[in-house]
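**Q** Structure for this input, please:
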Amino acid sequence: MSARLDETFVASAAAELRRAGIDAWLLYDLEARNRVAAELVNLPQGQTRRWFVLLRPDHPPHALAHRIELGEWENWNHELDAYVGWEELEREICRLVAGCRTVAMEVSPRDAVPFMDNVPAGVVELVASCDVEVVSSADLISGTYAQWGERGRDLHREASEILARTARAAFELAGRAVGLADADGGAETGESDAVDVSTGVEGACGKVELPMTEYDLAEWIVRRLEDEGLTEGETIVAIGPNSAKPHYWPQAESTAALVPDQVLLIDLWGRMAGDPAAVFADQTWMGFLGSELPADVAEVWEAVREARDAGVAFIRASSGALPTGADVDRQVRSVLEGKGFGEAIFHRTGHGMDRVNHGFGPNLDCVETRDERPLVPGVGFSVEPGLYFDGRFGVRSEINVHMGTDGPEVTPPDHQAKPWLLG
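**A** Have a look, this model is predicted:
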């Protein structure tokens, strides 16, 4: 890896600094502890000594790194200074920020957004000692790195269609593995691969021996995502009581068999391979390995679906004044709580999404954290309300939203209207 800055990012950072009335943005990292800075400066593995990069409108980017680690800065085409001792470092930092009144860093007051709170208190104290005010860079990130861009949005759409097709094919595969067929219900997501259950299940990604487990199906999904051109593809497959565990992850040594008359949850994600602009897609689909949805599951599904759609409707209706991630979470929770399901909500409504699945932009969250960042045009996120009943079942429905200049775009466009059934 070699330190560098994308010129488009430099320009957009300058524009965001001017808009926000902040004098400079000071990136800091040590050992890749600050993922934001590490990604932006292309040093994802970090360095063993502290480094800083100052971004300031109408000035070239200016880096400060330790002398013994300048090798990874050889291709840096901006200003670069080196230090050795701590006293020299402290003097150089003050020289770097001289003339600034406010400097943005990856901090979050009272740790309101932990994902953004990446600069140690001691470093903040050190920078502030240079007679500057340290403020949060959270809104700057929403307007720069978290932006999808046209290429990112196009690649997200492509990944979204692959996920939807794969989820449908996986559900049909599960149905045949338990001796049922003819999946029905939900959204139209395209034709899946034909399968044969004579001695095993044959799909696009090879044979899966019967009986099939959650782990078997998860492995099949991951292989198919890779074959379809996705990278960093992963999945959660959970049946029955396991679906009541939001972060359940089937393992080869601890997995449940797929059996009839059980809820099946499939959560899958990935992004198109081979393009650094590719943005993740992340979806959760629900099915029931039987022909008739039990009444209690149907009631929970309707509550989750209504809450999901209410969140999107709230965003659409808020075009005049941009809602925050916390605003949307409150709206979605109010639907679920109004139906008496408040105790079954275990997590936030959604997470920011960009070139990282749990990305740098706003989360839909007012409970786990307090994410009051506005949903500005260009950012994207998941909307995934869920309800979980220990020892019984869980229901989650996850779609993705990109904030366009003309309003929110939902992917996949044909998102799930009702759980898939087998007849």
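**Q** Quickly note the distance from the closest residue to residue 252 other than its chain neighbours to residue 250.
**A** Excluding the flanking residues, the one nearest residue 252 by C-beta to C-beta, 6 or more residues apart in numbering is residue 215, at 5.3 Å. Quick note: C-beta positions are derived from backbone N, CA and C, even for glycine. Relative to residue 250, residue 215 is positioned 4 Å away (C-beta to C-beta, to the nearest Å).
**Q** Which residue of these two possesses the greater neighbour count?
**A** The residue with more neighbours, out of residue 215 and residue 250 and counting by other C-beta atoms under 10 Å, is residue 250; that gives 21 against 18.
**Q** for the residue lying closest to the more buried one once chain neighbours are set aside, what are its contacts?
**A** The shortest distance from residue 250 to any non-neighbouring residue, by C-beta to C-beta, 6+ apart, is to residue 214 (3.9 Å). If you count contacts by C-beta atoms under 8 Å, 6 or more residues apart in numbering, residue 214 has them with 237-239, 242, 250, 255-258.
**Q** just to revisit the earlier point, tell me the contacts of the residue nearest to residue 252?
**A** Here residue 215 is in contact with 237, 250-252, 255 (C-beta under 8 Å, 6+ apart).
**Q** Which of those fall in strands?
**A** Using DSSP state E, the subset of these located in strands is residue 237.
**Q** Narrow the contacts of residue 215 to those that are buried.
**A** Buried subset of those (neighbour count, 16 or more other C-beta atoms under 10 Å): 237, 250, 255.
**Q** just the helices in this protein please.
**A** Taking DSSP state H as the test, the helices found in the chain are 7-20, 35-40, 86-96, 121-128, 138-142, 149-177, 214-227, 295-317, 325-338.
**Q** out of those helices, which comes closest to residue 394?
**A** Residue 394 lies closest to helix 295-317 among the helices of the chain, at 8.5 Å (C-beta to C-beta).
**Q** Just the buried residues of stretch 125-137, please?
**A** Going by neighbour count (16+ other C-beta under 10 Å), the buried part of stretch 125-137 is 126-127, 130, 132, 134-137.
**Q** same question but for stretch 41-54, I mixed them up
**A** For stretch 41-54, burial by neighbour count (16+ other C-beta under 10 Å) applies to 41, 43, 46-47, 50-54.
**Q** Is it possible to get TSV of those residues that adds distance to residue 225 and pLDDT?
**A** Output for these, formatted as TSV (distance: C-beta to C-beta, whole Å; pLDDT from 0 to 100):
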residue	distance to residue 225	pLDDT
41	30	97
43	29	96
46	29	95
47	33	97
50	39	98
51	36	98
52	39	98
53	35	98
54	40	98
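**Q** Find the pair from these with maximum spatial separation.
**A** With distances taken as C-beta to C-beta, the most widely separated pair in the buried residues of stretch 41-54 is 46 and 54, at 18.9 Å.
**Q** wait, what's in contact with residue 129?
**A** 90, 94.
**Q** repeat for residue 180
**A** So residue 180 contacts 260, 289-291, 422-423 (C-beta under 8 Å, 6+ apart).
**Q** before we move on, the earlier item: can you say which two of the contacts of residue 214 are spatially most distant?
**A** The farthest-apart pair in the contacts of residue 214, when distances are taken by C-beta to C-beta, is 238 and 257, at 12.6 Å.
**Q** ok, these two, which is more surrounded?
**A** Ranked by neighbour count (other C-beta under 10 Å), residue 238 and residue 257 place residue 238 first, with 27 against 16.
**Q** Could you report the pLDDT at residue 115?
**A** Model confidence at residue 115, given as pLDDT, is 86.
**Q** By mean pLDDT, which helix or strand of this protein comes out lowest?
**A** Counting by mean pLDDT, DSSP states H and E, the chain has its least confident helix or strand at strand 200-203, which shows a mean of 46.
**Q** tell me, what's touching residue 215 and residue 250 both at once?
**A** Shared contacts of residue 215 and residue 250, counting by C-beta under 8 Å, 6+ apart, come down to residue 237.
**Q** okay, now the residue nearest to residue 38 when sequence neighbours are not counted: neighbour count?
**A** Spatially, and ignoring its direct neighbours in sequence, residue 38 is nearest to residue 32 (4.6 Å; C-beta to C-beta, 6+ apart). For residue 32, the count of nearby residues is 14 (other C-beta under 10 Å).
**Q** mind listing what residue 32 touches?
**A** Counting by C-beta under 8 Å, 6+ apart, residue 32 touches 38, 43-46.
**Q** related to what we said a few turns ago, now render the contacts of residue 214 as TSV, adding distance to residue 277 and pLDDT.
**A** Below are the contacts of residue 214 laid out as TSV (distance: C-beta to C-beta, whole Å; pLDDT from 0 to 100):
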residue	distance to residue 277	pLDDT
237	29	98
238	32	98
239	36	98
242	36	98
250	32	93
255	36	95
256	38	96
257	41	95
258	37	96
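**Q** of these, closest to residue 266?
**A** Nearest to residue 266 among these, with distances taken as C-beta to C-beta, is residue 237, at 5.7 Å.
**Q** What's opposite that closest one in the beta bridge?
**A** When assigned by DSSP bridges, residue 237 has beta-bridge partners residue 266.
**Q** That one and residue 149: what is the separation?
**A** Residue 237 sits 32 Å away from residue 149, going by C-beta to C-beta.
**Q** Hmm, residue 10 is touching residue 53, no?
**A** No: Residue 10 is beyond contact range of residue 53, at 10.3 Å (criterion: C-beta atoms under 8 Å).
**Q** anything in contact with each of these two?
**A** In contact with both residue 10 and residue 53: residue 61, using C-beta under 8 Å, 6+ apart.
**Q** for the most centrally placed residue in the chain, what are its contacts?
**A** In the chain, the residue lying closest to the centroid (C-alpha atoms, centre = their mean) is residue 358, at 2.6 Å. With contact taken as C-beta under 8 Å, 6+ apart, residue 358 is in contact with 115, 351-352.
**Q** can you do 10 Å?
**A** If a contact means C-beta atoms under 10 Å, 6 or more residues apart in numbering, then residue 358 has 115, 269, 280, 282, 351-352, 381-382 as its contacts.
**Q** All set, thanks.
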